[in-house]
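Novice: Next come a sequence and a model predicted from it.
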Amino acid sequence: MLRLTFAALIGVAVIAAADRPVDPTFLYRSLDSVHPAPSDLTTPTASYKPLFGAGDSQPEIVKGFARFGELSVEPGGSSSSVTYPREEQVYFVLSGSGNLRYGDTEYPIRAEDFLYIAAGVEHAALNPSTDPLRIVVMGWHLPKDIEAIPPDRLPIANTAQAKKQVVGNHPPSTLYQLLLGDTTSTRDILATGHVVTSLFTMEFTAGGTNHPHHHATEEEVYLVLDGEGEMVAGGGIDGVEGRHPAKSGDAYFYRLNATVGFYAPERELPRKARILAVRSRYPGR
């Protein structure tokens, strides 16, 4: 009969624990370090950097999100034309200008535009300009019980249309622009989402913060558009907040109940710290 000593049993347990994978509560990526990868959007004149979801090294961590990344289209180029029968998408134009083919119609797009692409609508990004076109591509899986009817026209707006305001119990050091919400929203410029619940920007004064917090039913992504600061992601040694240096191009994905927040530097920056944030419903919630 095989007999194991107590020490041997402890050793087996330690090895088993070491071999057992533990999912992180957040993911960090940076546009500076992520390399373009083949995707259904790429062409000889269009590349895609996968940050979270499809194409990323840990796609299983995100649940409601289908994808989050940067599409770059060269001058005179275009992306592939794609259709996602069960995925709604939001595009945010980081820089440049061009056109978005939505079904049979082309719409002009420019920096700071945000637009909603309904599930099942064929679309592609085209760049007839002389400058690169850079777009944040976001997508979410539609649950089986949602039957979304695509709008006839592309829902599109620009951040210039959204006022800067203090929201809820957040401090006045953070000004929000409420861009896109779900179909019941009365506060956002566009009310079109089924899984995506809120797309917004945050602008921070020197020393400003949106206070660490968490969301019990939603996943979230923060992308630093301008400036720098300290990103709050997960718990620190105090069990409340872990702070990480953050700069333009840094992105964080947050799972349910992960601590999220941001602190701007006390000094004035050439460009105020500014973040693009998006939240979406966790499947089944």
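Specialist: Alright, I've got the coordinates.
Novice: Report the contact partners of P85.
Specialist: Contact analysis of P85 by Cβ atoms under 8 Å, 6 or more residues apart in numbering lists 119-120. The C-beta positions use only the backbone N, C-alpha and C, and glycine is treated the same way.
Novice: ugh, wrong one, I meant G229
Specialist: By Cβ under 8 Å, 6+ apart, the neighbours of G229 are 204, 246, 262-265, 273.
Novice: Identify the bridge partners of it.
Specialist: Using DSSP bridges, the beta-bridge partners of G229 come out as A246.
Novice: gap between it and S97?
Specialist: 29 Å (Cβ to Cβ, to the nearest Å).
Novice: and if you look at V196?
Specialist: Taken as Cβ to Cβ, the span from V196 to S97 is 24 Å.
Novice: what does A119 give?
Specialist: From A119 over to S97 (counting by Cβ to Cβ), the distance is 26 Å.
Novice: do the same with G77
Specialist: 13 Å.
Novice: about what we covered before: what about V196 and S97, which has more around it?
Specialist: V196 (24 against 16; other Cβ atoms under 10 Å).
Novice: can you pull the contacts of that one?
Specialist: With Cβ under 8 Å, 6+ apart, V196 has these contacts: 88, 90, 138, 140, 180, 182, 278-280.
Novice: Filter these down to the ones in strands?
Specialist: 88, 90, 138, 140, 180, 182, 278-280 (DSSP state E).
Novice: Nearest to T42, out of those residues: which one, please.
Specialist: Taking Cβ to Cβ as the measure, T42 sits nearest to M138 out of the ones in strands among the contacts of V196, at 17.2 Å.
Novice: Now do stretch 106-118: distance to the chain's middle.
Specialist: Remark: stretch 106-118 is offset 16 Å from the chain centroid, using Cα atoms, centre = their mean, to the nearest Å.
Novice: Report the backbone C-alpha coordinates of it in PDB.
Specialist: Taking C-alpha atoms only, stretch 106-118 is exported to PDB below (Å, rounded to 0.1, in the frame of the first residue of the first chain):
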ATOM      1  CA  GLU A 106     -20.600  55.900 -47.000                       C
ATOM      2  CA  TYR A 107     -20.400  58.400 -44.100                       C
ATOM      3  CA  PRO A 108     -17.600  60.800 -43.500                       C
ATOM      4  CA  ILE A 109     -15.700  60.300 -40.200                       C
ATOM      5  CA  ARG A 110     -13.100  62.400 -38.400                       C
ATOM      6  CA  ALA A 111     -11.200  62.600 -35.200                       C
ATOM      7  CA  GLU A 112     -13.300  62.400 -32.000                       C
ATOM      8  CA  ASP A 113     -16.300  60.900 -33.900                       C
ATOM      9  CA  PHE A 114     -18.000  58.000 -32.200                       C
ATOM     10  CA  LEU A 115     -20.500  55.700 -34.000                       C
ATOM     11  CA  TYR A 116     -22.600  52.600 -33.400                       C
ATOM     12  CA  ILE A 117     -22.500  49.700 -35.800                       C
ATOM     13  CA  ALA A 118     -25.500  47.400 -35.300                       C
END
